[in-house]
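> predicted coordinates and the sequence they were generated for:
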Amino acid sequence: MTIPMMTADTLSDNWWAVALRGLAALAFGVLTLMLPGISLAALVLLFGAYALADGVMAVVAAVRHRHAAEKSWVIVLGGIAGIAAGIITFLIPAITALVLVYVIAARAIVVGAMEVAAAVSLRKVIKGEWLMALGGAASIVFGLLVALFPGLGALAVVVWIGAFAVVIGATLIALGFRLRSWGRVHPPMPLATA
């Protein structure tokens, strides 16, 4: 299964969206680590805002170039998972710590799997796809750890969430700039006309 060059062009054209997602994750992670005593209600709202923004940015990046969307459904599914997680947290603000832990774990596993799948599809098209795979693998490991050890307490979960967001943010920023460099070296391919 290969992705046409246009999809790589789409990713390189939207390098800024990938980097912006990374910046949002990094800001979220640093804020969470700096304020580990944050209340559960604030964490719910902060996570909801992050998940919603991240999901919307992923969907926008995939839909922006619909003509190259043959494989962008993977990115759209990950974005929809983020949007759903964000909406759930806003609609049910009194969500319990345990439910929040499982929502975060499920989102991390789904988005991680989608990122690994996208990275595998891109491995022959661009260099630096390993950053996406690394971010996806980190998401899956994080989600599994959170799901397996939900009783560690809200403070431990806050620290895990912060550390996870910092790692994901850094890898997305690096991937964004890598895509930008790739786009400069590889000019866009013209669209085929029928």
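Noted; the coordinates are in hand.
> buried residues in stretch 120-127?
Neighbour counts over stretch 120-127 (16 or more other Cβ atoms under 10 Å) mark 121-122, 125-126 as buried. Where C-beta positions appear, they are placed from N, C-alpha and C, glycine not excepted.
> kindly indicate which of the residues you listed lies nearest Pro36.
Leu122 (35.9 Å; Cβ to Cβ).
> sec struct for Lys124, please.
Three-state assignment for Lys124 (DSSP: H, G, I helix; E, B strand; the rest coil): coil.
> then Phe177?
Phe177 - assigned by three-state DSSP - is helix.
> any idea how far the residue nearest to Ile83 when sequence neighbours are not counted is from Val99?
Of all residues not flanking Ile83 in the chain, Gly55 sits nearest, at 3.7 Å (Cβ to Cβ, 6 or more residues apart in numbering). Separation of Gly55 from Val99 (Cβ to Cβ, to the nearest Å): 19 Å.
> so which of those two has more stuff around it?
Taking neighbours as other Cβ atoms under 10 Å, Gly55 and Val99 compare with Gly55 leading, 24 against 15.
> who's in contact with that one?
Each residue near Gly55 by Cβ atoms under 8 Å, 6 or more residues apart in numbering is listed here: 78-86.
> same question, Phe177
Applying Cβ under 8 Å, 6+ apart, the residues near Phe177 are 15, 19.
> state the distance from it to Leu134.
15 Å.
> just to revisit the earlier point, reformat the buried residues of stretch 120-127 as TSV; add distance to Val158.
Shown next, in TSV, are the buried residues of stretch 120-127 (distance: Cβ to Cβ, whole Å):
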residue	distance to Val158
Ser121	34
Leu122	33
Val125	38
Ile126	35
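> which pair in these spans the largest distance?
Most distant of these, by Cβ to Cβ, are Ser121 and Ile126, 10.4 Å apart.
> and the helix or strand harbouring Phe47, how far out from the chain's middle?
Element membership for Phe47 (DSSP states H and E) is helix 40-63. Taking Cα atoms, centre = their mean, to the nearest Å, one finds the center of helix 40-63 at 9 Å from the center of the full chain.
> and for stretch 104-116?
8 Å.
> contact partners for Ser12?
126, 179-180, 182-183, 186.
> which among those residues end up buried?
Buried among these by 16+ other Cβ under 10 Å: 126, 179-180, 182-183.
> so where do the helices sit in this protein?
Listed in chain order, the helices of the chain (DSSP state H) span 5-13, 15-34, 40-63, 73-91, 97-122, 129-148, 154-185.
> for these, could you give me TSV that also reports mean pLDDT?
Listed next are these as TSV, based on pLDDT from 0 to 100:
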stretch	mean pLDDT
helix 5-13	62
helix 15-34	88
helix 40-63	82
helix 73-91	85
helix 97-122	84
helix 129-148	87
helix 154-185	83
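> returning to what we had before: name the residues contacting each of Ser121 and Ile126.
By Cβ under 8 Å, 6+ apart, no residue touches both Ser121 and Ile126.
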